[in-house]
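Visitor: Got a sequence here, can you build the structure:
(one chain, ligands or ions: 1)
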Amino acid sequence: MSSQDALAARLYYTDAYLRAFEAQVIERLAWEGRPAVVLDRTAFYPTSGGQPHDTGDLNGVRVVDVVERETDGAIVHVLEGELPGDNVHGQINWARRFDHMQQHTGQHILSQAFIAALEAETVGFHLGADMSTIDLNRAPLSEEQLAQAETLANEVVFDNKPVHTRFVDKDALAKLPLRKPPQVSGPIRIVEVEGFDWSPCGGTHCRRTGEVGVIKIVRVERRGAETRVHFLCGQRALADYRRKNHLVLDLAARFSVGDWELSDAVERLSEEARLARKQVRALQEQLLEYEAAALLAGAETLAGARVIRRVYADRGIEDIRHLAQRLTAEPNVIALLGCGNAGNKAQFVFARSADLPHDMNALLRLACKTVGGGGGGRPNFAQGGGPDGARVAEALEVAWQQLNS
Ligand SMILES: [Zn+2]
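Guide: Model (predicted):
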């Protein structure tokens, strides 16, 4: 096939709106383990230039992938099953194709808008299943700058400019204010957004800019000296707006405010949560105070010191430590506190007031032996434990006896 024939065989070059066509099989092959065919003409767009392939069917057999063969540029239709017959009726999935046309044409407009507004050139393009991106050779970009380019792009949409595609030779090419140089040789296909943008491109585009619908920048990512701009066009932008509008109205209803008051409402809620956390901490402190006072009131006297011995089944070690600190802030106090139960590990905090001579470290090691573990600390404050949570009370008894000896 000559290169001219190859171009003519790509029906989407001259008519991006062609949804069904007749063709002949000129080659049958296997492509990555699946049956595939090359046709004498096709409306199926192969993955290329940042635009994903079409789907659809040939004689009712689903087309699952369309690729451009590197060796000769032939368009390979990868099929779900064997294709019956060599006379083919092909049909493309129009919803998918039109979506790609909206995103792709929108990209041309947005890329040129970034040049016109900010002299930021597009160095990369990706048309994704959910989101499209362009990479700009400029960073960072402010919100105002992004809005400037976005506004210009949408003005071009509202102007409903015609979009022309044509093949040009070298001489004609030299006269065009191209946005980027062509990456292929031979006759170059130019896509012109009338009076606004001229780009070499083999993709499928809308006839007029109005068909693109709204062009919306959704978010940007700084990537070193470049900026990645995520954008949506047409149906995708509408779907995104619908989803976000629902989300905002739902949140506003939950706060019983208007959507314009949401930020303030969230701010108030965060502040309330912060104050509530502060209050909880103060109340916990108070509670500990009361608990310490009650424990001190019921303390046993041993060798002249007030001794508090307690086993807690399921209290956190942090909590126990605070309690021990609170108790021994008073003079003449020894706190032997343990937590744990059968099936859980044992934990101890042994502490004493600064005015007492007892070695809590030695006492703790002794208690830990009973539960099969260890620990340590300072003479006035030690912490430790062991695996046998069922013997916490027994371990405290051992410590008690030691104090009493
Ligand atoms: Zn294009």
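
Visitor: Would you mind finding the longest strand in the protein?
Guide: strand 20-31 (DSSP state E).

Visitor: Distance from the chain centre to it, please.
Guide: 40 Å (Cα atoms, centre = their mean, to the nearest Å).

Visitor: before we move on, what about stretch 395-405?
Guide: Centroid separation for stretch 395-405 versus its chain: 58 Å, with Cα atoms, centre = their mean.

Visitor: and it, which residues are buried?
Guide: Using 16 or more other Cβ atoms under 10 Å as the test for burial, stretch 395-405 gives 395-396, 398-400, 403. Heads up, the C-betas are built off the backbone N, CA and C, glycines and all.

Visitor: Can you list the strands that the longest strand of the chain pairs with?
Guide: Using DSSP bridges, the strands paired with strand 20-31 in its sheet are strand 34-39 (antiparallel), strand 87-92 (antiparallel).

Visitor: any idea of the mean pLDDT in the helix or strand following the last one?
Guide: Pointing back at strand 87-92 there. Counting by DSSP states H and E, the next helix or strand C-terminal to strand 87-92 is helix 94-118. Throughout helix 94-118, pLDDT has a mean value of 98.

Visitor: Can you mark which positions in helix 94-118 are buried?
Guide: By neighbour count with 16+ other Cβ under 10 Å, helix 94-118 contains the buried residues 96-118.

Visitor: Could you say which of the strands paired with strand 20-31 is packed most deeply?
Guide: Among these, strand 34-39 has the highest mean neighbour count (mean count of other Cβ atoms under 10 Å), at a mean of 20.

Visitor: So which bits of this structure are right by the ion?
Guide: 104, 201, 203 (Cβ under 5 Å from the ion).

Visitor: again, only using 8 Å
Guide: Counting by Cβ under 8 Å from the ion, the positions of the chain adjacent to the ion are 49, 51, 104-105, 107-108, 191, 199, 201-205.

Visitor: Throw those residues into JSON lines and include distance to H358, thanks.
Guide: Below are these laid out as JSON lines (distance: Cβ to Cβ, whole Å):
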{"residue": "G49", "distance to H358": "82"}
{"residue": "Q51", "distance to H358": "80"}
{"residue": "H104", "distance to H358": "81"}
{"residue": "T105", "distance to H358": "84"}
{"residue": "Q107", "distance to H358": "78"}
{"residue": "H108", "distance to H358": "83"}
{"residue": "V191", "distance to H358": "88"}
{"residue": "S199", "distance to H358": "86"}
{"residue": "C201", "distance to H358": "86"}
{"residue": "G202", "distance to H358": "87"}
{"residue": "G203", "distance to H358": "84"}
{"residue": "T204", "distance to H358": "86"}
{"residue": "H205", "distance to H358": "87"}
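
Visitor: Distance of the residue of the stretch 201-350 of the chain found nearest the ion relative to G340?
Guide: At 3.2 Å from the ion, C201 is the closest residue in the stretch 201-350 of the chain, using Cβ to the ion. Here C201 is placed at a distance of 72 Å from G340 (Cβ to Cβ, to the nearest Å).

Visitor: So which of the two has more stuff around it?
Guide: G340 (27 against 24; other Cβ atoms under 10 Å).
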